[in-house]
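# Provided below for reference: sequence and predicted model.
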Amino acid sequence: MGCYRGMVRSNYFAVNDELAFKTVIGLLALAEGATARAHSQEIDGVKKFAFTGDGAVRGFISDEDPNECDIDAFYHALQRVVAPGDAALVMEVGFDSLRYFNACTFIVTEDQVECVDLPEVALETTRKMLGNPEFTTVAEY
C-alpha cells in the first residue's frame, strides 16, 4: 500500500484585500498537517500574492468535524479575494509510490472555478493526434 504525497503552489495574482487573502491562506488545511505559506512580490509595479504548501489541498476544516474539510469553501473564499481581471492558478502535483501521478490546476477567477486535469488533457490531446476518439490507455498501476 502506498502513501500519497502532494504539493501545491499558485501563480502570483492580484488580490482585492491583502488581509482577507492572508486569512484565507491561514485557514487552508493541507494533507498531513502541512501549512500553506503566503508570498508576495511586486510584478510590473503591482503587488501580487501567491501561496505554496508541502501537502495536497484539503480545504477549510469543518466546524462540526475537525477530521473533515470543505474544499469548495476554500475555493469560494479564494474567489472573493482574487482581483477583477486576474486569476489564481492553484497547481497541485502528487504521487502514490509511483502507482499513479496527479497533476491538476484549479483556475479561480472572481466568478468561476474550473479544474484542468493533466491526465485528461493528455488523453484528449492523444486522441486528437491519433485521429482516434476511442483511444484509451492505462497509466495507473
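Nice, I can see it.

# please make it C-alpha for all contacts and neighbour counts, starting now.
Fine.

# so what's Glu120 up against?
Shown in contact with Glu120 (Cα atoms under 8 Å, 6 or more residues apart in numbering): no residues.

# before we move on, what SS does it have?
Glu120 falls in the helix class when you classify it by DSSP: H, G, I helix; E, B strand; the rest coil.

# going forward, begin numbering at 20 instead of 1
I'll keep to 20 as the first residue from here, and by that count the last item is Glu139.

# show the model's pLDDT score for it.
Listed pLDDT for Glu139 reads 93.

# ditto for Tyr31
For Tyr31, the pLDDT comes out at 98.

# was I right to think it contacts Ala69?
Yes - between Tyr31 and Ala69 there is a contact at 4.6 Å, judged by Cα atoms under 8 Å.

# shared neighbours, the two?
Ser59.

# could I get the phi/psi values of the residue positioned nearest the centre of the chain?
Most central in the chain under Cα atoms, centre = their mean is Val109, positioned 3.3 Å from the mean C-alpha point. When read as degrees, to the nearest 10, the backbone of Val109 gives phi -100, psi 100.

# distance of the closest residue to it other than its chain neighbours relative to Thr124?
Excluding its sequence neighbours, the residue lying closest to Val109 (Cα to Cα, 6 or more residues apart in numbering) is Ser29, at 4.4 Å. In this view, Ser29 and Thr124 are 9 Å apart by Cα to Cα, to the nearest Å.

# mutual contacts of those two, please.
Leu108, Val109, Met110.

# show me what the closest residue to Asp73 other than its chain neighbours is bridged to.
Distances taken as Cα to Cα, 6+ apart place Met26 nearest to Asp73, at 4.7 Å, with adjacent residues excluded. With DSSP bridges as the criterion, Met26 is bridged to Val112.

# Provide a list of residues in contact with Met26.
With Cα under 8 Å, 6+ apart, Met26 has these contacts: Thr71, Gly72, Asp73, Gly74, Ala75, Glu111, Val112, Gly113.

# OK, contacts around Leu142?
Thr155.
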